[in-house]
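*Asks:* Just a sequence and a predicted model for now, questions to come.
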Amino acid sequence: MKHMSKVEINKRQKEDSLYAAAYELFTTQGIHNTAISDIVKKAGVAKGTFYLYFKDKYDVLDKIILDKSSEILVEAIENTNIKEFDSFEEKLLYFIDSIIEYLKENKLLLKLIYKNLSWGVVRKAYKDYKGINEIYYMFEEGLKDHDLKEGDIEKIIFIILELVGSVCYSCIVLREPTNIDEMKPILFEIIKKII
């Protein structure tokens, strides 16, 4: 394993502090109410330092969305993989329920990632997050008896994650058309029909 130099460690710490400051400010004040000057002040670095790591505040936002969306999905698949299920349907619904429960507990995070909890976003992270591949394998295994064309599994994952992300945002953040607990049974029935 390669050891990092003091310069590399210092750079990493600055980037991490900028990232953490942006995340905290975005979740508490909102993206539009947070300026780069707020981020650098909170991180304790010079304004020019910000631009060594990020193009603008939307660049750091994209990284946060990618990281946090991936973390949610990886945690959900890890929770799912430690249990035994009688069917793919049961396993998938448990996985989806894990995502929903995580988002219920992290409403500020859900507001931040908005409706970006999608396979399209997460697919960019599969090299960095081993667990992302586990989601694909779960679907591949669960749908192996279906007559699917190449690329169909990714499309099915995309549809389900888009649906779950949007429904969670509407029901948890906006409380429309109802709360997520009332919506869950209907969402689960629709997901069963998709698979």
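*Replies:* Thanks, I have it. Numbers count the residues shown, from 1 in each chain.
*Asks:* how about the helices in this protein?
*Replies:* 6-29, 36-43, 47-53, 57-81, 88-105, 107-113, 119-123, 130-142, 152-168, 180-194 (DSSP state H).
*Asks:* Let me have those in JSON lines, extended by distance to Leu174 and mean pLDDT.
*Replies:* Every residue, glycine included, has its C-beta placed from N, CA and C. As requested, the helices of the chain are exported to JSON lines (distance: least, Cβ to Cβ, whole Å; pLDDT from 0 to 100):
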{"stretch": "helix 6-29", "distance to Leu174": "17", "mean pLDDT": "90"}
{"stretch": "helix 36-43", "distance to Leu174": "26", "mean pLDDT": "96"}
{"stretch": "helix 47-53", "distance to Leu174": "32", "mean pLDDT": "93"}
{"stretch": "helix 57-81", "distance to Leu174": "19", "mean pLDDT": "91"}
{"stretch": "helix 88-105", "distance to Leu174": "13", "mean pLDDT": "96"}
{"stretch": "helix 107-113", "distance to Leu174": "10", "mean pLDDT": "87"}
{"stretch": "helix 119-123", "distance to Leu174": "21", "mean pLDDT": "68"}
{"stretch": "helix 130-142", "distance to Leu174": "27", "mean pLDDT": "88"}
{"stretch": "helix 152-168", "distance to Leu174": "10", "mean pLDDT": "92"}
{"stretch": "helix 180-194", "distance to Leu174": "11", "mean pLDDT": "97"}
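*Asks:* what sits against Leu108?
*Replies:* Leu108 makes contact with Thr27, Thr28 under the criterion Cβ atoms under 8 Å, 6 or more residues apart in numbering.
*Asks:* From Gln13, how far out is Asp147?
*Replies:* 52 Å (Cβ to Cβ, to the nearest Å).
*Asks:* Geometric centre of the chain: which residue is closest?
*Replies:* The residue lying closest to the centre of the chain (Cα atoms, centre = their mean) is Ser69, at 0.9 Å.
*Asks:* Test my guess that that residue contacts Leu117.
*Replies:* Yes. Using Cβ atoms under 8 Å, Ser69 is in contact with Leu117, at 5.1 Å.
*Asks:* And the closest residue to Tyr23 other than its chain neighbours, how close does it get to Ser170?
*Replies:* Spatial nearest neighbour of Tyr23, excluding adjacent residues (Cβ to Cβ, 6 or more residues apart in numbering): Ile64 at 5.4 Å. From Ile64 across to Ser170, the span is 21 Å (Cβ to Cβ).
*Asks:* Among those two, which residue is more densely surrounded?
*Replies:* Ile64 (20 against 16; other Cβ atoms under 10 Å).
*Asks:* Which parts of the protein belong to which domain?
*Replies:* According to automatic domain parsing, the chain comprises the domains 1-54, 64-194.
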